[in-house]
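S.K.: Let me see the structure of the following:
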Amino acid sequence: MNKEFTFKIKSSRFDENYNPSENTRITTNFANLARGNNRQQNLRNTLVMINNRFNNLAYWDNPKSCRYSVELEIISVEMAIPDTTTTFPVIEILKTTIVDKKTGQRIDGIVGNNFSSYVRDYDFSVLLPEHNKHHANFSIPEHFGELHGQIFKHFVNSSTYRETFKKTPVICLSVSSKDTYQRTGNQHPVLGIEYRPGSTSLTEKYFAKMGLQVRYFMPNNSVAPLAFYFSGDLLRDYTDLELISTISTMETFQKIYRPEIYNANSAAGHYYQPNLSHQDHSLTTIVYDREERTQLAIEQGKFTETYFIKPYQNILAQWSASYEISNCLI
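M.R.: Residues are numbered from 1 along each chain as shown. Predicted coordinates for the structure are as follows:
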């Protein structure tokens, strides 16, 4: 038997004909759009929004705002568990490819973008609520997020990742409605105005265990900052077109999922606190059930507990401890 955790990558095209496979993590944001009576129209409208936003940001040598289009691939990652024949779906991310219709060139975009994980569902929807049933004040379980973080780092450092992708991931998320953000004096030509949070959120701490740091930027013609999680140097490691591919894709998804923040009718000011009860916003024509997604996250967290955490807890604990030690020796 293989003594190491190894990974297998599966890729599926995300376009108007996309149908989630049975083993796709169905709380994944883009999978939600592909269900129900409006599925094909949802997908078509989403892709139009992404392409329009990309051309809006990549305006140079693009007088008709139609030079580029963005293609999306869903990257599903399975992990093989040592000394077993079992694999478990651990991560889903999104890869962008930029098509330059003027030159015919296909340009690699960024891998990451959206981020979904069964283990994260378990941590936030099962482990954290169960832990706080027994505490008068909200607290975080010991070693919270460590296994998840080590799985992610192990994947990004694996030969499977390095042979498939040229650059490390950038994950783009919504800002937290529990924090206040303040404008800095920094402005990037593509990412826009930088904001700084007033405190460190639980999400920031969780992603730090994945080896990722975060910066917050509000791109031109946006109304709220986005959270960009990355390793390395966000402003130097990626080209303008790569960054635009992430902004256009993830801002579109956030307009659909959190219109109160990202489709608000007024832009964030010098100080900004996101509010999911904000009434002054516009809705897209794309159908999305936010409440159902929350319930699915709980169901899939319980699925992870039953079929991954409990059956393999000894193997996972030993590997997690050895992985931490090996990293300390580097």
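S.K.: would you list every one of the strands in this structure?
M.R.: Assigned strands in the chain, in chain order: 6-14, 68-80, 87-100, 105-116, 170-174, 181-188, 192-197, 213-218, 226-230, 271-272 (criterion: DSSP state E).
S.K.: Most tightly packed of these?
M.R.: Burial of the strands of the chain is given as mean neighbour count (mean count of other Cβ atoms under 10 Å); strand 226-230 ranks first at a mean of 23. For every residue, glycine as well, the C-beta is placed using N, CA and C.
S.K.: now for it, which elements pack on it?
M.R.: Strand 226-230 is packed against strand 170-174, strand 213-218, helix 240-257, with contacts defined by 3 or more Cβ pairs under 8 Å, 6 or more residues apart in numbering; DSSP states H and E.
S.K.: got TSV for these, with distance to Ala267 and mean pLDDT too?
M.R.: Converted to TSV, the helices and strands packed on strand 226-230 look like this (distance: least, Cβ to Cβ, whole Å; pLDDT from 0 to 100):
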stretch	distance to Ala267	mean pLDDT
strand 170-174	16	97
strand 213-218	8	98
helix 240-257	13	96
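S.K.: any weak-confidence spans in the stretch 51-200 of the chain?
M.R.: Per-residue confidence of the stretch 51-200 of the chain (counting by pLDDT under 70) places no residue in a weak region.
S.K.: Relative to Phe115, how far out is the closest residue to Asp280 other than its chain neighbours?
M.R.: If you skip the residues right next to it in sequence, Asp280 has Asn265 as its closest partner in space, 4.9 Å away by Cβ to Cβ, 6 or more residues apart in numbering. Here the distance between Asn265 and Phe115 works out to 29 Å (Cβ to Cβ, to the nearest Å).
S.K.: beta partners of Tyr216?
M.R.: The partner list for Tyr216 in beta bridges (DSSP bridges) reads Tyr195, Ala227.
S.K.: from what I can see it touches Pro197, true?
M.R.: Yes - between Tyr216 and Pro197 a contact is recorded at 6.6 Å, counting by Cβ atoms under 8 Å.
S.K.: Need the residues touching each of the two.
M.R.: When contacts are counted by Cβ atoms under 8 Å, 6 or more residues apart in numbering, Tyr216 and Pro197 have 175, 181 as shared neighbours.
S.K.: need the contact list for Ser320.
M.R.: Neighbour list for Ser320: 146-147, 150 [criterion: Cβ under 8 Å, 6+ apart].
S.K.: okay if I get the residues you listed as TSV plus neighbour count and distance to Ile107?
M.R.: Compiled in TSV, the contacts of Ser320 are given as follows (neighbours: other Cβ atoms under 10 Å; distance: Cβ to Cβ, whole Å):
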residue	neighbour count	distance to Ile107
Glu146	16	36
Leu147	21	36
Gln150	22	32
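S.K.: Asn314: which of these is nearest?
M.R.: Taking Cβ to Cβ as the measure, Asn314 lies nearest Leu147 of these, at 12.6 Å.
S.K.: residue ranges with poor pLDDT in the stretch 201-330 of the chain?
M.R.: Using pLDDT under 70 as the threshold, the predicted model of the stretch 201-330 of the chain has low-confidence ranges 289-292, 323-330.
S.K.: where do the helices sit along it?
M.R.: Counting by DSSP state H, counting those that start in this stretch, one finds helices in the stretch 201-330 of the chain at the ranges 202-208, 234-237, 240-257, 259-262, 290-304, 313-328.
S.K.: of those, which approaches Tyr59 most closely?
M.R.: Shortest separation from Tyr59 across the helices of the stretch 201-330 of the chain is recorded for helix 240-257, at 10.1 Å, computed as Cβ to Cβ.
S.K.: So which other helices or strands are in contact with that closest one?
M.R.: Helices and strands touching helix 240-257, by 3+ Cβ pairs under 8 Å, 6+ apart, are helix 29-32, helix 39-57, strand 68-80, strand 87-100, strand 105-116, strand 170-174, strand 226-230, helix 259-262.
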